[in-house]
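A.B. asks: here is a sequence with its predicted model. Questions after.
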Amino acid sequence: IDLPDTVNDYMKSISSITGRNYAPFVYYGNPNAKNIIVAMGSVCETIRETIDYIEGDIGLIEVHLYRPFSSKYLLDVLPKSVEKIVVLDRTKEPGSIGEPLFLDIKSIVNVPVYGGRYGLSSKDTNPSQIKAIYDYMNNGTIFHGFTIGINDDVTNFSLKETPFEINDESVKEFLIYGYGSDGMVGASKDIIKLIGDNTESKVQGYFQYDSKKSGGLTRSHMRFSNKEIRSTYFVNNPHLVVCSKESYLNKYDMISNIRKDGIFIYVTNLNEEDFNKKLNKENVLKIINNNIKVYIIDAYSIAEKNNLKNKVSTILEVCILKLLNLSNFDLILSKMKDNISSRFGNKGEDIVKNNLNSIEEAISSLKLVSINQNLYSDELFTLGSGVKVFDYMNELRGDSLKVSDFLYMKNGTFNIGTTKFEKRSIAESIPVWNKDNCIQCNQCAMVCPHGVIRPYLLNEEELNNAPDSIKNDVIPAVGSDYKFKIGISHINCMGCSLCANVCPGKMGNKALTMEPIDTAKKDDKYLRTVSIKKDQVKNTIKGSQFNKPLFEFSGACAGCGETPYIKLLTQLLQDRLVIANATGCSSIYGASLPSIPYNIPWASSLFEDNAEYGYGMLIATNTIRNRIKNIMESNLETSNGNLFKEWLDNPNDYEISKHVYGNIDYSLVPELIELKEFIPYKSIWTIGGDGWAYDIGFGGIDHILSSNDNVNILVLDTEVYSNTGGQASKSSNKGAIAKFASSGKVTTKKDLAKIAMCYPNAYVAQVSLGANMQQTINAFLEAENHDGPSIIIAYSPCISHGIKGGMGNSNEQEKMAVKSGYFPIFRYNPKEPKFTLDFKEPDFNLFNDFLNSQTRFSMLTKINEENGEQLLIDLKEEAIKRFEYYKNIEK
């Protein structure tokens, strides 16, 4: 039996049932075409659309059966008139004479065949690119190995495009600019579902978002039509644009492509005149000349009033639906309310009620504004990083970058410390410092997940050079002659309020309060030039925070429980720190290209092999340092001899090894030049979440712990697979609701620390920053000083926990987890050997209060009425037994 024949028979049957045209190969276009494209996948719809619009002697062969490849069925549909064929592959195979589909076609036909590439690196493929292919074929300039969608000015293998777009008036296109965690992607999907289910319209949605955990830009592309929608590319000329974040207005080009008589909805707390003044001149003229209707709404105030925090999705969703002038709006509004109950039901009844309450206020608050062409802003937004690749990518112009723009990074490395140039400015409220209430404890800086808030010490010269806003807002530093000030990077703040919540203040009055960002002082630019006062940097809560964090402004969620640990680690170890990062939340906010929060060496391999990856870094480092040792031992008689002896006696002392590195006369030992970066001691850390450490990467961790090698492991324990959406891991506790455990996890949490202590040479600690900050500092330093493997398990609250009151309470959650006995904190140092239980008297009467503060536990008895209560009883009993076990070890 010939398999292609069998497949063809089934395709005929499917065609008769669905009304679609299925066959191993399907031809579309002019039956007497001279120039055709062969392709497969969704790009074929764009090619069809382009063929219909430009017409001519052109066509398309769409491949439905790729393997086994059938020459018979291909030749059956190939027009006899064909003179040239272009084959499109969405892959690049270096070393091959062509890509797979090209080679198949080339081996069958006897006409010129040219191979081309499209869609590489997720590049959008639009009609102008397809038209360029046909233009090159028609004028006889087509060549093999071309690329579309990339401007290749180095090898010049890209096709030049001319502006071209398809305007189908039957299709309405929307483009919504949101930010990660505001709910706009979910709202857009709900709009698509509502219109698709309750009108005659065909619907389509594409969604773009970066890999930031929250606060990143999201774009929702939507199309609606009473005809079939064939545009398999992003929306470029929308009829309606929504901007949910005020700071986006002049940062991104959102208005210039809106169609004539289109609509622009902007979320702002500005009045009509101030909003007009905020627009730049180009946008004002575009709005007036194209008769664009502009609406404003203070969605965040409505959300705040209804206890929705920054969730403006429901508010904007109903506004969009209202402006569509749907004949059955009342029906769709009713369906939308039903959807809210199902979408948010698992988050609690209050969330459902608050969303429903916001709907009516949203409709009445939407305001149509008049644009005055004489009012506009001359201010131009600039990132100012000086790195073209970075700036273009962050301004959504990355697709216009040329190949030559990347030549400076051809070795694969990327600029570090680039998050400071993002200037996301997404917080509605930021902390404001009141010097009169400050006790200089620096706890606010310790808990800040994004390194936004920092204590600064100014000497006399720095104070004299400071602007008046700083000169008049300092206090004498306790224990030194410096002046003390808390600085806040307002433009990088996420507005989580952790700093304000942890602030003890004086006499019940806090030194930090959350206030609207437009009223806050903006003086951090000068403060970031202030020198680090090394004499005040100590391994204490207060002293550690005077060191600059080498991890700042990451893309982690507001209030993230993981990032304060990483930030603290960089402050304690500074530039001797080298990190191998497992895939997960920490790798995503650690390297969301092009934004890198680290200012130290950092790299990530895979999810499953991070322990091995970090171990390999140590082996490689030790190998290179052994070469350095041999070179130094052979050159003790030179003028560098004293330095070499100093290094040989103290190779793992960072300060001494760095001093040696900076004073060697390398002209006498040129063989050291290429190795010199390894002369200073390196502290190797492997970092990842519980999904890595407890589950898929556990074998590698076990291998490290069983060795005598000096690798440090930091486990950011959220008790769930946070990055992939909240699936249960072996770290998830009994009774916790998570994906794959929707009725509560029925098994006990794996005790990774207990397993690790089976190896007598391993340093083991459990820490919870909010419960005991100094204990966390001590654990980090003891782990680094331990000559052997170490592992620290850090309790890390996560949005997946459903913390009541939001992530601004994550520090309090860390405290309660320990105080209630849910998460014991301790340190085991095999050097002494000594086990120290750092919180000795938990109050298990608080255990249920802790569980009820998180929806992952509080919803259990409602979802699992039969067994939920027993699971929580079991969880408490297991927590008591676990604590007794560790208490007995200390005895």
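C.D. replies: Cool, got the structure.

A.B. asks: now the closest residue to Ala33 other than its chain neighbours: how far from Asn110?
C.D. replies: Closest residue to Ala33 apart from its sequence neighbours, by CB to CB, 6 or more residues apart in numbering: Gly59 at 3.6 Å. For glycine as for every other residue, the C-beta is placed from the backbone atoms N, C-alpha and C. As defined by CB to CB, to the nearest Å, Gly59 lies at a distance of 18 Å from Asn110.

A.B. asks: of the two, who's got more company?
C.D. replies: Gly59 (27 against 5; other CB atoms under 10 Å).

A.B. asks: isn't the more buried one up against Tyr27?
C.D. replies: Yes - judged on CB atoms under 8 Å, Gly59 makes contact with Tyr27 at a distance of 6.3 Å.

A.B. asks: residues shared between the contacts of these two?
C.D. replies: Common contacts of Gly59 and Tyr27 (CB atoms under 8 Å, 6 or more residues apart in numbering): Pro79.

A.B. asks: hmm, what's the outermost residue in the protein?
C.D. replies: Relative to the mean C-alpha coordinate of the chain, counting by CA atoms, centre = their mean, the farthest residue is Glu637 (53.4 Å).

A.B. asks: can you classify that one by secondary structure?
C.D. replies: coil (DSSP: H, G, I helix; E, B strand; the rest coil).

A.B. asks: point out where the protein drops to low pLDDT.
C.D. replies: Applying pLDDT under 70 to the chain flags the ranges 1, 213, 379-386, 519-522.

A.B. asks: wasn't Ser667 part of a helix?
C.D. replies: No - applying three-state DSSP, one finds Ser667 to be coil, outside a helix.

A.B. asks: quick one, phi/psi of it?
C.D. replies: Here is the backbone geometry of Ser667 (degrees, to the nearest 10): phi -70, psi -20.

A.B. asks: count of residues packed around it?
C.D. replies: 7.

A.B. asks: in stretch 91-106, what's buried?
C.D. replies: Neighbour counts over stretch 91-106 (16 or more other CB atoms under 10 Å) mark Gly98, Glu99, Pro100, Leu101, Phe102, Leu103, Asp104, Ile105, Lys106 as buried.

A.B. asks: the protein - how does it break down into domains?
C.D. replies: 3-147, 171-369, 428-548, 625-678, 683-890 (automatic domain parsing).

A.B. asks: thinking in terms of the whole chain, how far from its middle is the second one?
C.D. replies: Once both centres are worked out by CA atoms, centre = their mean, to the nearest Å, domain 171-369 turns out to sit 22 Å from its chain's centre.

A.B. asks: repeat for the longest one
C.D. replies: When C-alpha coordinates are averaged (CA atoms, centre = their mean), domain 683-890 and its chain have centres 24 Å apart.

A.B. asks: ok, now stretch 74-83?
C.D. replies: 48 Å.

A.B. asks: got the buried residues for it?
C.D. replies: Under the neighbour-count criterion of 16+ other CB under 10 Å, stretch 74-83 has Leu74, Val77, Leu78, Pro79, Val82 buried.

A.B. asks: same check, this time on stretch 565-584
C.D. replies: Buried residues in stretch 565-584 (16+ other CB under 10 Å): 565-574, 576-584.

A.B. asks: among those, name the ones in strands.
C.D. replies: Leu577, Val578, Ile579, Ala580, Asn581 (DSSP state E).

A.B. asks: which residues are in contact with the second one?
C.D. replies: By CB under 8 Å, 6+ apart, the residues touching Val578 are Ile600, Pro601, Trp602, Met617, Thr621, Lys682, Ser683, Ile684, Trp685.

A.B. asks: mind listing the residues bridging to Leu217?
C.D. replies: Taking DSSP bridges as the rule, Leu217 bridges to Tyr179.

A.B. asks: distance of it from Ser188?
C.D. replies: Counting by CB to CB - Leu217 and Ser188 are separated by 14 Å.

A.B. asks: against Leu249, how distant is the residue nearest the centre of the chain?
C.D. replies: With distances taken as CA atoms, centre = their mean, Lys212 lies nearest the centre of the chain, 1.4 Å away. Counting by CB to CB, the gap from Lys212 to Leu249 is 20 Å.

A.B. asks: hmm, Ile37 is touching Thr46, no?
C.D. replies: No - taking CB under 8 Å as the definition, Ile37 is not a contact partner of Thr46, at 10.6 Å.

A.B. asks: overlap of the contact sets of those two?
C.D. replies: Ile130.

A.B. asks: neighbour count for the two, which is higher?
C.D. replies: Ile37 (28 against 22).

A.B. asks: list the beta-bridge partners for that one.
C.D. replies: Ile37 has these beta-bridge partners by DSSP bridges: Leu60, Val86.

A.B. asks: same question for Pro516.
C.D. replies: Ser429.

A.B. asks: so which residues of the stretch 1-150 of the chain form strands?
C.D. replies: 25-29, 35-39, 58-63, 84-89, 113-117, 146-147 (DSSP state E, counting those that start in this stretch).

A.B. asks: ok now the fifth one, how far from the chain's centre?
C.D. replies: Right, the one you point to is strand 113-117. 36 Å.

A.B. asks: what helices or strands is that strand leaning on?
C.D. replies: The contact analysis (3 or more CB pairs under 8 Å, 6 or more residues apart in numbering; DSSP states H and E) places strand 113-117 against strand 84-89, helix 100-106, strand 146-147.

A.B. asks: can you give me the angle the first one makes with strand 35-39?
C.D. replies: An angle of 20 degrees separates the directions of strand 84-89 and strand 35-39 when computed by axes from the mean of the first three to the mean of the last three CA atoms, to 10 degrees.

A.B. asks: using CSV, list the CA coordinates for strand 84-89.
C.D. replies: What follows is strand 84-89, C-alpha atoms only, in CSV (Å, rounded to 0.1, in the frame of the first residue of the first chain):
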residue,chain,number,x,y,z
LYS,A,84,10.4,29.7,-11.6
ILE,A,85,9.8,28.3,-8.1
VAL,A,86,10.7,29.7,-4.7
VAL,A,87,10.6,27.3,-1.8
LEU,A,88,10.2,28.8,1.7
ASP,A,89,11.7,27.1,4.7
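
A.B. asks: contacts for it?
C.D. replies: So strand 84-89 is contacted by 34-39, 43, 99-102, 105-106, 109, 111-118, 133, 137, 142 (CB under 8 Å, 6+ apart).

A.B. asks: what distance separates it from the middle of the whole chain?
C.D. replies: The answer for strand 84-89 is 37 Å, by CA atoms, centre = their mean.
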